[in-house]
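Participant: next come a sequence and a model predicted from it.
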Amino acid sequence: MSATPYSRMLSLGSREGSTPIEDFLTEALAAATNRDPRPLVALLGKEGVRLSGEPTAATQVVKDDVGRLDLVLSADGVEVVWVEVKAWSGEHGDQLTRYTKAAAALSPKPLVLMLATAGAVPSITMPRLTWHKLVEAINNCDEPSDLWIELRDLVEERGLGGGSTMPLTTEEAQSFQHSRTGIEKVAAFINELEGTLSTQKSTAQWFANIDRVQFITDQVQKQGRAIYQFDPITRPSNTMDRDPLVFMWVGVEGGRLRVAIEGRAKVKLKTLLGKSFQHLLDLKWKAGNDNFMQAIAPPSALASEDAAIAWSIARIAEIESTGAYALMKAAAKKGGVKYYSE
């Protein structure tokens, strides 16, 4: 008797070099497609990909001199699409370049694309699908298979996409903290931003070891923002339940998306950041009082999840490239102050 999709998912859990969540999602996507291809066909169609027939899906397909392909779609027995499936992990070496070159040498030539979070940008120019858009395609399908419903729920549960996402309505943007849906949208955006930053090839380490969904949703509900701690760092044990002396936060205030650097206690950012402070001003950051500066997004940054993440990633990159990050982290090592201290 052939293995069920679920037993195959479990068998992949110990595969060398595997990422269990990505293997699980890939197997679930293939099983759902083989039972009911409509959501995936609709998603591909919106991206301009037209299939010659009803697709079938195969997973973990090994190609000589190429490697292991996550998902291969075939129509009428011909491979038409190779899909690289990503959850939070980044690319492995030059895999996308290898896949693209190998596909180009075939006739007919399969399309190579990536399925990932809205904030994941491939290292080469290539078609990209997002989990958000897949969830949307499932929701727009008339009575999709139960396998699609289960996959959708898993994607939303893990914060990869779907659920309540940008854009905010005008009413939500002006006072989203009084709207449950607005809170969910902003929390989902920040949750995905955290996952995206965590997988970037960077020496920066913005995050504490927190429960991503619960903590961020709680912070957004209370403050309209999520504080990005510096961790892992060595701090006195009695300050681990405190804000560091200086940190970055992301949130929505006054209907505008903002990335800010804030100091606590008597920290003066101009003194702490030195030349980095002026570099950020040159990049159109705005200084408030002595311990606060921020970048304010144009309204268009709240038009979609992709736009909000792209704008925020660019501002966070400015904090790192100007040298501010290193100075902030050094200051954070000195200890912290209690939450909501006067």
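Facilitator: Received the coordinates, thanks.
Participant: which stretches of this protein form strands?
Facilitator: 55-63, 67-75, 78-85, 111-116, 128-130, 225-228, 242-244, 246-253, 256-263, 286-287, 292-296, 336-338 (DSSP state E).
Participant: for the second one, which helices and strands make contact with it?
Facilitator: Packed against strand 67-75, as judged by 3 or more CB pairs under 8 Å, 6 or more residues apart in numbering; DSSP states H and E, are the following elements: helix 20-35, strand 55-63, strand 78-85, helix 95-104. All C-beta atoms are positioned from the backbone trio N, CA, C, and that covers glycine.
Participant: who does the first one touch, helix- and strand-wise?
Facilitator: Helices and strands touching helix 20-35, by 3+ CB pairs under 8 Å, 6+ apart, are helix 5-11, helix 38-46, strand 55-63, strand 67-75, strand 78-85, helix 146-157.
Participant: can you add mean neighbour count and give those back as TSV?
Facilitator: Formatted as TSV, the entries for these read as follows, by neighbours: other CB atoms under 10 Å:
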stretch	mean neighbour count
helix 5-11	14
helix 38-46	19
strand 55-63	16
strand 67-75	19
strand 78-85	21
helix 146-157	18
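Participant: export those to CSV and tack on mean pLDDT and distance to T170?
Facilitator: Listed next are the helices and strands packed on helix 20-35 as CSV, based on pLDDT from 0 to 100; distance: least, CB to CB, whole Å:
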stretch, mean pLDDT, distance to T170
helix 5-11, 48, 43
helix 38-46, 93, 26
strand 55-63, 93, 40
strand 67-75, 93, 39
strand 78-85, 94, 36
helix 146-157, 90, 25
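Participant: to E27, which of those lies closest?
Facilitator: Each of the helices and strands packed on helix 20-35 was scored for nearness to E27 using CB to CB, and the closest is helix 5-11 (4.6 Å).
Participant: that older thread, out of the helices and strands packed on strand 67-75, nearest to P244?
Facilitator: Proximity of the helices and strands packed on strand 67-75 to P244 was assessed by CB to CB; the nearest stretch is helix 20-35, lying at 30.0 Å.
Participant: for the closest one, list every residue counted as buried.
Facilitator: If you call a residue buried by 16 or more other CB atoms under 10 Å, then helix 20-35 has these buried ones: 21-34.
Participant: out of these, which comes closest to L73?
Facilitator: Looking at the buried residues of helix 20-35 and their distance to L73, the nearest is T33, at 7.4 Å (CB to CB).
Participant: contacting residues for that closest one?
Facilitator: When the contact criterion is CB atoms under 8 Å, 6 or more residues apart in numbering, the partners of T33 are 40, 55-57, 73.
Participant: does T196 really touch I309, like I thought?
Facilitator: Yes: if you go by CB atoms under 8 Å, T196 and I309 touch, sitting 6.3 Å apart.
Participant: can I get the buried residues of helix 20-35 in a markdown table with pLDDT and distance to Q294?
Facilitator: Formatted as a markdown table, the entries for the buried residues of helix 20-35 read as follows, by pLDDT from 0 to 100; distance: CB to CB, whole Å:
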| residue | pLDDT | distance to Q294 |
| --- | --- | --- |
| I21 | 82 | 34 |
| E22 | 85 | 36 |
| D23 | 87 | 41 |
| F24 | 89 | 39 |
| L25 | 92 | 36 |
| T26 | 93 | 40 |
| E27 | 93 | 44 |
| A28 | 94 | 41 |
| L29 | 96 | 40 |
| A30 | 96 | 45 |
| A31 | 96 | 46 |
| A32 | 96 | 43 |
| T33 | 96 | 44 |
| N34 | 96 | 49 |
